[in-house]
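Engineer: quick one, fold the following:
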Amino acid sequence: MKKALFVLMVVAMVSCDPTGVNTDIIEVTEPEPTGTLVVDFPITHQWLPTNRIIRSDLHIANNAYDLYRGNYIQSANVTSSQQKYSFYLAPGNYYLVAGIACLCEGDSCSAGGFPGNKWGQKFASYNFTIEDDQTTDVIIRFLQ
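Structural biologist: Here you go, the predicted structure:
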């Protein structure tokens with residue numbers, strides 16, 4: 001036990017030499033290029049009151065397969081009070097999916113084009129390209 005403690009102390013004293021640290025080397029990493037995506041997510045649905053339709057999803061993925069599988073690189077916490085959402089992404093091609101849900105009672109959701117009754121959802125998907133230091137605008141539209 002004494003030998004192990006002695007070896008541990010020697011290793012600690014030798015490995016903690018502050019004079020061996022070179023402080024002259026400073027690594028500067030440049031920020032990665034980014035572009036901005038601005039998503040305009042209005043709720044404009046005919047035949048149904050707008051306060052009975054809510055935003056339910058807004059996700060971004062690298063490709064359509066990842067979008068389908070739910071492997072998103074960014075998602076927004078969508079609310080009924082916010083219409084525009086901003087994302088900062090590296091330059092490249094991306095895919096976006098947005099969803100709305102109907103809260104009306106009875107057959108109103110079906111009559112308004114939502115599958116099923118209450119809680120029926122509609123989705124819209126888009127592909128877009130982000131350029132370095134550029135803003136890309138996407139306006140979400142759902143089939144009526």
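Engineer: the nearest residue to Trp119 once chain neighbours are set aside: helix or strand, and which one exactly?
Structural biologist: In this structure, Trp119 finds its nearest non-sequential neighbour in Ala101, 5.8 Å apart by C-beta to C-beta, 6 or more residues apart in numbering. C-beta coordinates here come from the backbone N, C-alpha and C atoms, glycine included. Per DSSP states H and E: Ala101 is located in strand 92-102.
Engineer: before we move on, the earlier item: any idea what the residue nearest to Trp119 is bridged to?
Structural biologist: Ala101 has these beta-bridge partners by DSSP bridges: Ile54, Gln121.
Engineer: now it: how far from Ser86?
Structural biologist: 23 Å (C-beta to C-beta, to the nearest Å).
Engineer: which of those two has more neighbours?
Structural biologist: Ala101 (17 against 10; other C-beta atoms under 10 Å).
Engineer: surely the more buried one meets Ile54?
Structural biologist: Yes - Ala101 is within contact range of Ile54, at 5.4 Å (criterion: C-beta atoms under 8 Å).
Engineer: the strands in the chain, which residues?
Structural biologist: Remark: strands assigned in the chain by DSSP state E are 35-40, 53-61, 74-75, 84-89, 92-102, 121-130, 135-139.
Engineer: now do the buried residues in the longest one.
Structural biologist: Read it as strand 92-102. The neighbour-count check on strand 92-102 (16 or more other C-beta atoms under 10 Å) flags 94-102 as buried.
Engineer: ditto for stretch 133-144
Structural biologist: For stretch 133-144, using 16+ other C-beta under 10 Å, the buried residues are 136, 138, 140, 142.
Engineer: confidence-wise, which of these comes last?
Structural biologist: The lowest pLDDT within these belongs to Phe142, with 84.
Engineer: about what we covered before: so can I have CSV of the strands of the chain showing distance to Cys109?
Structural biologist: Output for those, formatted as CSV (distance: least, C-beta to C-beta, whole Å):
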stretch, distance to Cys109
strand 35-40, 24
strand 53-61, 9
strand 74-75, 25
strand 84-89, 25
strand 92-102, 4
strand 121-130, 10
strand 135-139, 24
